[in-house]
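Enquirer: Here is a sequence together with a model predicted from it:
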Amino acid sequence: MRIGSGLLCGHVLQRQPNGARTVVTGSCNCSGTVTVTVYRKEKIARGFNKKAAGQSEAGRFTATISGLPAGGPYTVELACGGARIVVDDVFVGDLWLMAGQSNMQGMGNVADADSPHPLVRNFSMARRWELARDPLHFLEESPDPVHCALPLSPREASRAKKRAVKGVGVGVPFGKLMLQRTRVPQGLIATAHGGTSMDDWAPALKDRGGSSLYGSMTLSLTAIGQPISGVLWFQGEDDCREGRVAVYTAKMQELVSAVRRDLGQPKLPWIIAQIGRSVGPYQDLPAPWVSRVQEQQRRFPESIAQCDVVPTIDLEIEDTGHVSARAFPVLAQRMARVAARLAYGDRAEKPAPQPVSARFFDAARGNGAEVEVRFKNIVEGLTSSGLPQGFALVDRAGRSLQRIYKTLLAGDRARLYLDGEAVSLMRVMYGYGQNPVCNVCDGRGMAIPAFGPLAITGLPPFSDFVLKWRVTPVCPGEAIADMPRPSEDDQAIDREFRDKFVTVHPEWVGKSGHVAFFGDVIAGEDMDAEFHFGYDGPVRVWVGTQEVYADPHGTNPIVPDAHRIAVRLKPGRSPVTVLMALNNGRAWGFCLRMQRPGYDPATDPMFPQPWQ
């Protein structure tokens, strides 16, 4: 007898409520009834002593083995007449598909690899069952061109694996944790390939077989011939690029649906690792693109049923962008918690943490203004190793504001204290930028995810300070009260000021005269607005050709927002002109921002803003 499919040496069968089931096919030179006998430690398993399982005729046989209880290793003997075949090391437990790119493939140092366990098995890239020992994803032994053009022989592959320096991933520690939870054998299915995008994993490429990632994955699943407990997915770095970010969620939804459809498991759990820190490989990519993929990933559970996403933003990396071997047990613990809830219905396990809301509060109790971020799915409160780090406030263009001077954790909330005025439309992020330092977890060791930009409610309805102006040189004359509105000419140069203060004081010291500033604001519709204005010298202000404010006696000190100027803005750009006397070198400058009374800048798009 020779087996063609359905049962391999070392096979892990998926446990079922009524026992595992597999259909074994192959060739046989005898005809008649095919029987199955199952041994466990040289004793015949109850109910499996020459149990009729199928028929053999015309040189082919089919046998159905069913009702095999969880456990193993078993020895399975198939017999028909005088023909027989024995398959050793058959297990019944849980199967997990591992897919994605390099962080799932595993790039950790083999010197720090977790020790194997005899009841945790791996279905290798060569489509052979073996002890799960890193590296699990060894591309050079795959028969599929998508992974390797010239695969190594089994002997060569075995030698190469022993010499491997890199290749540790999440599989082995995850399998051991699930074994500890369930007390049944665990089978891992290796299909990941580094440096791959969602386009590379497209289900539409299935018909290419081993020349596509989806096709290769399907061939492995077909060879196993079993339902599975869940999918472990870690991918996304290669989609942090222009043209890919916008469609990332849609492609992930397509992939999940296709795998569930092809396996006939519409509720198949997906346990997804959010991409984490990178230092080198993606430093040429704008940070917002990386954040946009992370934000989409952490929101997958909103649109993909039976799915959860675990964070990696706080984990140690081995090189410039790969999780280290020493950190994979931490990730494995997080994935195991999620898997226990999704695959086994363990309601003692909560989903991964998620931000719920962010709200602004004015300064109180001796502290600065505060942004309070509230989370859900927090177990035993938020905590950190050392001072909490990782939060950032960004403006509407995604630039870091560097405003947080203190972070306090309290239960399910993080309180971020600001060292200055709130910026209109500012938002909160976690894990922002290249190689962020993040160390906030809950009591079970589950980190909060990279997220944002998350809208902040309760912000005062101010625009940003207007900091881009075209500025003239110092012109003669301090008596600006009777001067006509200045007209912009070629002598005015573009200048961008820092923080909230428009000042060229170093150029004014010891001088007399006046300077004109020309800027713009933009409004989405006709609207009433207020300029909030502070200054320390004689000033006049025009919107368009209309003078809206004058104080020929202005002097030090400057008080931001000290004066309110009612203005009417038309749709589009409105030119703003500020004429300021130097007050014989004693003036420094001014601060100007806008407010639309009665409107919330976090929700109303029709809000006046400095022209960018």
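Expert: In hand now; what should we look at? Numbering: from 1, shown residues only.

Enquirer: C-alpha from now on. contacts and neighbour counts both.
Expert: Will do.

Enquirer: For the stretch 301-450 of the chain, which residues score under the pLDDT cut-off?
Expert: Applying pLDDT under 70 to the stretch 301-450 of the chain picks out residues 364-366.

Enquirer: That one: helices as residue ranges?
Expert: For the stretch 301-450 of the chain, the helices defined by DSSP state H, counting those that start in this stretch cover 328-344.

Enquirer: How about the chain?
Expert: Taking DSSP state H as the test, the helices found in the chain are 102-105, 154-163, 171-182, 213-224, 248-263, 287-298, 300-303, 328-344, 505-508.

Enquirer: any idea which of the ones you listed is most buried?
Expert: helix 102-105 (a mean of 27; mean count of other Cα atoms under 10 Å).

Enquirer: Name the residues that touch that helix?
Expert: 98-99, 136-137, 167-170, 190-195, 233-235, 322-323 (Cα atoms under 8 Å, 6 or more residues apart in numbering).

Enquirer: rank the helices of the chain by mean pLDDT and give me the bottom one.
Expert: The weakest mean pLDDT among these belongs to helix 287-298, with a mean of 88.

Enquirer: by contact count, what packs against it?
Expert: Where contact means 3 or more Cα pairs under 8 Å, 6 or more residues apart in numbering; DSSP states H and E, helix 287-298 is packed against helix 248-263, strand 307-310, strand 451-455.

Enquirer: So which elements touch the longest one?
Expert: Translated: helix 248-263. When contacts are defined as 3+ Cα pairs under 8 Å, 6+ apart, helix 248-263 packs onto helix 287-298.

Enquirer: Residues touching the helix it packs on, excluding its own?
Expert: By Cα under 8 Å, 6+ apart, helix 287-298 touches 236-237, 239-242, 245, 248-249, 274-276, 309-310, 354, 398, 432-434, 449-452.

Enquirer: Now the buried members of those residues.
Expert: Neighbour-count burial (16 or more other Cα atoms under 10 Å) applied to the contacts of helix 287-298 gives 236-237, 239-241, 245, 248-249, 274-276, 309-310, 354, 398, 432-434, 449-452.

Enquirer: how about the longest strand anywhere in the chain as CSV, C-alpha atoms only?
Expert: For the chain, the longest strand by residue count, based on DSSP state E, is strand 83-100. Extracted in CSV, the C-alpha atoms of strand 83-100 (Å, rounded to 0.1, in the frame of the first residue of the first chain):
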residue,chain,number,x,y,z
ALA,A,83,-1.0,-5.4,2.2
ARG,A,84,-0.4,-2.9,5.0
ILE,A,85,1.2,0.4,5.7
VAL,A,86,2.2,2.0,9.0
VAL,A,87,2.2,5.8,9.6
ASP,A,88,4.1,6.9,12.8
ASP,A,89,3.8,10.0,15.0
VAL,A,90,0.2,11.0,14.2
PHE,A,91,-1.2,13.6,16.5
VAL,A,92,-4.7,15.1,17.1
GLY,A,93,-4.8,18.7,18.4
ASP,A,94,-5.0,22.2,16.9
LEU,A,95,-3.7,23.6,13.7
TRP,A,96,-2.5,27.2,13.1
LEU,A,97,-1.7,28.7,9.7
MET,A,98,1.3,31.2,9.9
ALA,A,99,1.4,33.7,7.1
GLY,A,100,2.7,37.2,6.3
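
Enquirer: That one: which residues count as buried?
Expert: Across strand 83-100, burial judged by 16+ other Cα under 10 Å covers 84, 86-100.

Enquirer: and what of stretch 505-521?
Expert: Residues of stretch 505-521 classed as buried: Trp508, Ser512, Gly513, His514, Val515, Ala516, Phe517, Phe518, Gly519, Asp520, Val521 (neighbour count, 16+ other Cα under 10 Å).

Enquirer: how near is the residue located most distally from the centre of the chain to Tyr248?
Expert: The centre of the chain is farthest from one residue, Asp482, which by Cα atoms, centre = their mean lies 59.9 Å away. From Asp482 over to Tyr248 the distance is 61 Å, taken as Cα to Cα, to the nearest Å.

Enquirer: Likewise for Gly236?
Expert: From Gly236 across to Tyr248, the span is 8 Å (Cα to Cα).

Enquirer: Same question for Leu13.
Expert: Computed as Cα to Cα, the Leu13 to Tyr248 distance reads 33 Å.

Enquirer: Equivalent analysis for Ala190, please.
Expert: As defined by Cα to Cα, Ala190 lies at a distance of 23 Å from Tyr248.

Enquirer: picking that back up, determine which two of the buried residues of strand 83-100 are furthest apart.
Expert: Greatest spacing in the buried residues of strand 83-100, by Cα to Cα: Arg84 and Gly100 (40.2 Å).

Enquirer: thinking again about what came up before, give the pairing partners of the longest strand of the chain; include direction for each.
Expert: When pairs are called by DSSP bridges, strand 83-100 turns out to pair with strand 12-14 (parallel), strand 71-80 (antiparallel), strand 186-190 (parallel), strand 230-234 (parallel).

Enquirer: mean confidence score for the second one?
Expert: When the per-residue pLDDT values of strand 71-80 are averaged, the result is 96.

Enquirer: returning to that earlier point: dump the helices and strands packed on helix 287-298 to CSV, plus distance to Arg337.
Expert: Compiled in CSV, the helices and strands packed on helix 287-298 are given as follows (distance: least, Cα to Cα, whole Å):
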stretch, distance to Arg337
helix 248-263, 20
strand 307-310, 10
strand 451-455, 21
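
Enquirer: Could you check how many residues crowd around Gly32?
Expert: A total of 13 residues lie near Gly32 under the criterion other Cα atoms under 10 Å.

Enquirer: With Arg427 instead?
Expert: Neighbourhood size, Arg427 [other Cα under 10 Å]: 24.

Enquirer: beta partners of it?
Expert: Using DSSP bridges, the bridge partners assigned to Arg427 are Val394, Ala455.

Enquirer: residues in contact with it?
Expert: Leu393, Val394, Asp395, Arg396, Gly452, Pro453, Leu454, Ala455, Ile456.
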